[in-house]
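Participant: Need a 3D model of the following:
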Amino acid sequence: MMLDSSVRHQTYIEDCEVCCNPIEVSPRFESGELIGFDSQSIEQ
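Facilitator: Have a look, this model is predicted:
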């Protein structure tokens, strides 16, 4: 999974590479470094 550190806080949907179910991904960056990461399965 590639993350864009130019955006401090972001939330987006990405499909799981294994089962193809959607996952809500929420990384947080400070000074270009990852400081937090949350993910949640969006069951279908």
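
Participant: And the residue nearest the centre of this structure?
Facilitator: The residue lying closest to the centre of the chain (C-alpha atoms, centre = their mean) is residue 25, at 2.7 Å.

Participant: Could you list the buried residues of the strand or helix carrying that one?
Facilitator: Applying DSSP states H and E as the criterion places residue 25 in strand 22-30. When burial is assessed from 16 or more other C-beta atoms under 10 Å, strand 22-30 yields the following buried residues: 23, 25, 27, 29. Yep, even glycine has a C-beta here, placed from its N, CA and C like the rest.

Participant: Can you lay out these as TSV showing pLDDT and distance to residue 16?
Facilitator: As requested, these are arranged in TSV below (pLDDT from 0 to 100; distance: C-beta to C-beta, whole Å):
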residue	pLDDT	distance to residue 16
23	95	6
25	96	11
27	97	16
29	97	23
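
Participant: Next, give me the two most distant ones among the residues you listed.
Facilitator: Farthest pair in the buried residues of strand 22-30 (C-beta to C-beta) is 23 and 29. Separation: 18.7 Å.

Participant: for the helix or strand of the chain with the lowest mean pLDDT, packing partners?
Facilitator: Least confident helix or strand of the chain, by mean pLDDT, DSSP states H and E, is strand 12-15 with a mean of 94. Applying 3 or more C-beta pairs under 8 Å, 6 or more residues apart in numbering; DSSP states H and E, one finds that strand 12-15 contacts strand 22-30.

Participant: in its sheet, what does whichever helix or strand comes after the strand it packs on sit against?
Facilitator: Next along the chain after strand 22-30, taking DSSP H and E as the criterion, comes strand 33-41. Paired neighbours of strand 33-41 in the sheet (DSSP bridges): strand 22-30 (antiparallel).
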